[in-house]
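Enquirer: quick one, fold the following:
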Amino acid sequence: MKKIKELYKDLIAGEKPDFALWTFPIIGLLILCLLPFLLTRKEISFLDYTATGQIGDTIGGIAGPVIALLAALLTFLAFWIQVQANKAQTKQFDKQDTDTKIDRFENKFYELLKLHRENVTEINIANTVHNRKAFVSMFKEFKFGYHCLKLVYGSQQELHTLTRTLTEQDFVNISFIIFFMGIGKTSDKLTQGLIQQYEEVLIVNYIEYLKVCQSRYSENEKIAVDIENNQIFTLDIKYKPFCGHMSRLGHYYRHLFQTVKFVVEQDTNIVKDKYEYLKTLRAQLSSHEQLLLYYNGLTTMGKPWIENNFFTDYRMIKNLPLPLADFGPKPKEKLGERNKEGKLLFEWDEITQIN
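Expert: Presented below is the predicted three-dimensional model:
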């Protein structure tokens, strides 16, 4: 009984005509074979064939329902074929709609990719360094500013002028924001709202120290700062440092973030492998671009990169050269070695494991 119900449901859904194909013929054969035999038996006394005409007419009358049943079967088959055709047409329309959505997505994605390349090409620092090479100089400038902050912080601690202990992430947050905004009257106003949670005496002394370094800097006279392990970090760039990069990096990071977000938010039924598209985007980022992107993600400005798991789930900084990220929170300590799928986050680990 259960099997018959299942066949009937499949029949109504247009899946399988098996139920009809064996039900109708069996019923027809039973009528065709049994009724003539039964109705022509002498024992059946309540039938009077003198009133029914020729026996052939009687048989013809009996066969009529069978013919009607066969006609019903053919009608059903025509209906079933139409249902199948409608389903195939619906699938075709769905596929066309999906293909159209994929085309729209890819057109926009590659347009965003093109705009990203243009953003990189347009980067120009004081007509001295351009496009992708600028990220190497900017990274050096940021790293120098980070070590300057550590030096000022250490001096302030010795003088007991500070009441708050800073973490490595605090150092990155302060130094990156000031690197991004720059120093000066206008820049200081922008910076104040972003780092107001830190002690004013530290920020004031840090900015003053950077101004001294800035005034001493020239292509002929480099500036240096003491770092850990009795080492010295020398700033070697071709432009005046600490003037800010908001006009260069502001729209660069906003556009890059929106491009990643655009891919991630796509319907999984339409864009099945989002990582492949984001891998194409990541391939456009140089090693120093990924380094600065990582440190940007550690700040209050760039924290959505980490909060949305773009660095882990989609490995947007996979090609980050780990030995160069040797200050502040270490990438593997901050993000881990693998994502939730068990994949290594950093290509550097893959290379070292092979060796």
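Enquirer: let me see the mean pLDDT of stretch 149-159.
Expert: If you average the pLDDT over stretch 149-159, you get 95.
Enquirer: in that stretch, what's buried?
Expert: 149, 150, 152, 153, 156 (16 or more other CB atoms under 10 Å). Every C-beta, even on glycine, is put in place using the N, C-alpha and C of the backbone.
Enquirer: helices and strands around whichever strand or helix holds the last one, which ones?
Expert: When secondary structure is defined by DSSP states H and E, residue 156 falls within helix 133-158. Helices and strands in packing contact with helix 133-158 are listed as strand 124-125, helix 168-181, helix 200-216, strand 223-227, strand 231-235, helix 287-297; criterion 3 or more CB pairs under 8 Å, 6 or more residues apart in numbering; DSSP states H and E.
Enquirer: okay, the ones you listed in JSON lines with mean neighbour count and mean pLDDT next?
Expert: JSON lines is the format used below for the helices and strands packed on helix 133-158 (neighbours: other CB atoms under 10 Å; pLDDT from 0 to 100):
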{"stretch": "strand 124-125", "mean neighbour count": "16", "mean pLDDT": "96"}
{"stretch": "helix 168-181", "mean neighbour count": "22", "mean pLDDT": "97"}
{"stretch": "helix 200-216", "mean neighbour count": "16", "mean pLDDT": "94"}
{"stretch": "strand 223-227", "mean neighbour count": "17", "mean pLDDT": "90"}
{"stretch": "strand 231-235", "mean neighbour count": "13", "mean pLDDT": "92"}
{"stretch": "helix 287-297", "mean neighbour count": "22", "mean pLDDT": "98"}
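Enquirer: just send these back as CSV, with distance to residue 318 too.
Expert: Shown next, in CSV, are those (distance: least, CB to CB, whole Å):
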stretch, distance to residue 318
strand 124-125, 27
helix 168-181, 20
helix 200-216, 33
strand 223-227, 28
strand 231-235, 27
helix 287-297, 8
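Enquirer: out of those, which is closest to residue 338?
Expert: Judged by CB to CB, the one of the helices and strands packed on helix 133-158 that comes nearest to residue 338 is helix 287-297, at 16.8 Å.
Enquirer: got the angle for that closest one vs helix 168-181?
Expert: 110 degrees (axes from the mean of the first three to the mean of the last three CA atoms, to 10 degrees).
Enquirer: list the buried residues for the following helix or strand past helix 287-297?
Expert: Next helix or strand after helix 287-297 toward the C-terminus (DSSP H and E): helix 304-307. Across helix 304-307, burial judged by 16+ other CB under 10 Å covers residue 305.
Enquirer: give me the mean pLDDT for helix 304-307.
Expert: Rounded mean pLDDT across helix 304-307 is 97.
Enquirer: list the contacts of the very next helix or strand once past that helix.
Expert: The helix or strand immediately downstream of helix 304-307 is helix 331-335, counting by DSSP H and E. Residues from elsewhere that reach helix 331-335, judged by CB atoms under 8 Å, 6 or more residues apart in numbering: 294, 298, 306, 311, 312, 317, 320, 322, 325, 345, 346.
Enquirer: of those residues, closest to residue 284?
Expert: residue 317 (12.9 Å).
Enquirer: what's the nearest residue to that closest one once chain neighbours are set aside in contact with, if anything?
Expert: Leaving aside its chain neighbours, residue 317 sits nearest to residue 290 (4.5 Å; criterion: CB to CB, 6 or more residues apart in numbering). Applying CB under 8 Å, 6+ apart to residue 290 gives the contacts 282, 316, 317, 319, 320.
Enquirer: and residue 290, how far is that from residue 299?
Expert: 16 Å (CB to CB, to the nearest Å).
Enquirer: then residue 176?
Expert: Counting by CB to CB - residue 176 and residue 299 are separated by 5 Å.
Enquirer: for residue 78, same thing?
Expert: For residue 78 relative to residue 299 (CB to CB), the value is 69 Å.
Enquirer: between those two, who's got more neighbours?
Expert: In this view residue 78 and residue 299 are compared by other CB atoms under 10 Å, and residue 299 has more residues nearby, 20 against 10.
Enquirer: need the pLDDT of that one.
Expert: pLDDT, read off for residue 299, is 97.
Enquirer: of all the helices and strands packed on helix 133-158, which lies closest to residue 72?
Expert: With CB to CB as the yardstick, what comes closest out of the helices and strands packed on helix 133-158 is helix 287-297 (70.0 Å).
Enquirer: relative orientation of the closest one and helix 133-158 in degrees?
Expert: 40 degrees.
Enquirer: just the CA atoms of helix 287-297, as CSV, please.
Expert: Extracted in CSV, the C-alpha atoms of helix 287-297 (Å, rounded to 0.1, in the frame of the first residue of the first chain):
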residue,chain,number,x,y,z
SER,A,287,54.1,41.3,-0.2
HIS,A,288,54.4,44.8,1.3
GLU,A,289,50.7,45.6,0.5
GLN,A,290,49.8,42.6,2.5
LEU,A,291,52.1,43.6,5.3
LEU,A,292,50.5,47.0,5.6
LEU,A,293,47.0,45.5,5.2
TYR,A,294,47.7,43.2,8.2
TYR,A,295,48.9,46.0,10.4
ASN,A,296,45.9,48.1,9.3
GLY,A,297,43.7,45.3,10.4
